[in-house]
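[1] Here is my input; please provide its structure:
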Amino acid sequence: MFLDKVLKKKTDLLNLENINLKISDLYSLKNISFNIHNLDFVCIGGDENCDFLMKIMAGFISPDSGKISFNKTPLFGGVNLTQIYRHFSYVDNNNTLYGHLTILENLEYFGTLHDMQGHILDKNISKLLKMVEVGKYKNMKVCDLPLTLIKKANILCSLINNPKILFVNNFTNDLDHESRKEIFSLLKKLKNHGMTVIVSDMDYEPFSKLFDHLIIIQRGKLTYDSKNKKGDFKMLYKITFKSDPGDYGNFLKVLEDHKQISSVQIIGDKCILSLKDDANLMLGLSRLLKDYSEKLISFNYEKIEVKNE
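    The predicted structure follows:
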């Protein structure tokens, strides 16, 4: 049977070679190449371009140029893609469940969409309820569940087809820190059940130690790949801070024009500064925040390896 055998050892499962995509002047991918191993928990972090990359890998959009292969079979170009995509599943921040149905009823519905029925469907549902640890809530309507459980139920239904790869795209943006950690820990456990999980998350830093493989995309370019450190790498110095009331737009231009700051990102309620060198900007930042009536709530300084362009 085509690709039916579950891979049990570490091997290249998904290969990207020189992927290019031009959407606009702001959103594009430029010569993206990397390999993803079977059974790894992978995070693709960075900026909004990660969303396009995830949708290309999942088969929703085609790149302008480049090659992608799943288990050495091309994703684009003349093959029976249905045979491949039945091994994929995808979830994002949109709730795809029916609120008036219970978790169990949603599972049964999505199972029938994949031509499952009877004993096979019941057995698969029983296994998944234990895997995701929501069995005691299975008879509750989705509309009555707290947000974290709704997220788990979405993951649960995305696994009904026993995928080899689960794509999780910007899935935890609306959760607090502890709930995000709970979801990421759950996703990491899925590799014990023969799955490769690829998540995209712009605020990945607090959970970076959970991932087997970290890939960073900035301004459409691959700037870091933890599984491929060949070539010239340099250190990127990054400051992440949160202030109150958090009106970063008021002094965004001041930050962008600073000679020691190479880029500025505003993600959620945080501001992220990428520095050109190991300069200590804390004193200047404190003064700037005071000038704009901002109170510093949190501050983090880190160094990461990035590939030279």
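
[2] which regions of the protein sit below the pLDDT cut-off?
    For the chain, applying pLDDT under 70 flags the ranges 1-10, 26-27, 77-81, 229-235, 276-283, 304-309.

[3] What's the separation between the most centrally placed residue in it and residue 45?
    Most central in the chain under CA atoms, centre = their mean is residue 200, positioned 1.4 Å from the mean C-alpha point. Taking CB to CB, to the nearest Å as the measure, residue 200 and residue 45 are separated by 7 Å. Glycine gets a C-beta too; all of them are placed from N, C-alpha and C.

[4] count of neighbours near residue 185?
    For residue 185, the neighbour count with other CB atoms under 10 Å is 11.

[5] List the buried residues of stretch 145-164.
    145, 148-164 (16 or more other CB atoms under 10 Å).

[6] neighbouring contacts of stretch 207-227?
    Stretch 207-227 is contacted by residues 27-37, 40-47, 49-50, 53, 180-181, 184-185, 188, 191, 201, 204, 236, 263, 304-307, 309 when judged by CB atoms under 8 Å, 6 or more residues apart in numbering.

[7] How about stretch 157-168?
    For stretch 157-168, using CB under 8 Å, 6+ apart, the contacting residues are 3, 6-7, 13-14, 38, 54, 57-58, 70, 86-92, 96-97, 106-107, 110-111, 114, 116, 124-125, 128, 131-132, 155, 187, 190, 194-200.

[8] Please name the residues that touch the residue nearest to the centre of the chain.
    With contact set as CB under 8 Å, 6+ apart, residue 200 has these partners: 43, 44, 45, 50, 51, 53, 54, 167, 168, 169, 170.

[9] Residue 153 should be in a strand, yeah?
    No. Counting by DSSP: H, G, I helix; E, B strand; the rest coil, one finds residue 153 to be helix, located in no strand.

[10] can you give me the helices for the stretch 51-200 of the chain?
    Assigned by DSSP state H, counting those that start in this stretch, the stretch 51-200 of the chain shows helices spanning 81-85, 103-113, 118-132, 147-158, 177-189.

[11] Of those, which stretch is the most buried?
    Comparing those by mean neighbour count (mean count of other CB atoms under 10 Å), helix 147-158 comes out on top with a mean of 20.

[12] just the angle between that helix and helix 118-132, please?
    140 degrees (axes from the mean of the first three to the mean of the last three CA atoms, to 10 degrees).
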